[in-house]
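In: Structure of the sequence below:
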Amino acid sequence: MTSKLEKRVSEIRAKVDTLRAEIESLREGVKPLEKAKQLLLTHVDRAAAEVEAAPDDMAKGRGQPYRYISNALTLVFGGQGEALTIDPAHTAFAFACRFNREAVVGYLMSELEEFYASAPTIKDPAKIEKLQTELRALLKEEEALITEAKRLGEPIARRSDADVGVILGL
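Out: Modelled structure (predicted):
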């Protein structure tokens, strides 16, 4: 049975993981929106270029009216030798980019703009400092609970990445 201390430590650890991820995100920031839009268009155009018309196959009465010419082929080694496979999600994306570029770009641009409405676009040292203070307080609370659990004979293992300064009470 899980004790109240174990439950509380679990809750704290989840909050610690969330705070660490948020701090890391703030440290990295994101590219300016215009740069991200350029990267998106480049990616869409590259994907579209992986699909080409195949009039030669159609004129000869064989094959499809298009050819998938991706460099994204991967070798899969199975029981009966080698087989070439293509990532179906990327293939579908490439075809969508080729035959309906405006819809793909419109959708992805709206998603990008929605993300940027709440994304940290620049590094925010003041917010990072505030979150690090919150993180330190949570780590101290976690350590106090671990120490209390040990005193009660219900030891709780420390994280492998436990902060030595917090363990030593520094």
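In: Tell me how many other residues crowd residue 50.
Out: Neighbourhood size, residue 50 [other CB atoms under 10 Å]: 20. Using the backbone N, CA and C atoms, a C-beta is placed for each residue, glycine as well.
In: for the protein, where's the lowest mean pLDDT among helices and strands?
Out: Least confident helix or strand, the chain: strand 74-78 with a mean of 37, by mean pLDDT, DSSP states H and E.
In: ok now do the nearest residue to residue 20 once chain neighbours are set aside, which residues does it touch?
Out: Nearest residue to residue 20, sequence neighbours excluded (CB to CB, 6 or more residues apart in numbering): residue 135, at 6.8 Å. Counting by CB atoms under 8 Å, 6 or more residues apart in numbering, residue 135 touches 16, 19-20, 23.
In: Which strand or helix spans residue 135?
Out: helix 125-151 (DSSP states H and E).
In: The helix or strand following that helix packs against which elements?
Out: Using DSSP H and E, the helix or strand that follows helix 125-151 in sequence is helix 164-167. If you count contacts as 3 or more CB pairs under 8 Å, 6 or more residues apart in numbering; DSSP states H and E, helix 164-167 packs onto helix 125-151.
In: how far does the helix it packs on sit from the chain's center?
Out: With CA atoms, centre = their mean, to the nearest Å as the basis, helix 125-151 stands 26 Å off its chain's centre.
In: Tell me the helix or strand right after the helix or strand hosting residue 46.
Out: Taking DSSP H and E as the criterion, residue 46 maps to helix 33-48. Counting by DSSP H and E, the next helix or strand C-terminal to helix 33-48 is strand 51-53.
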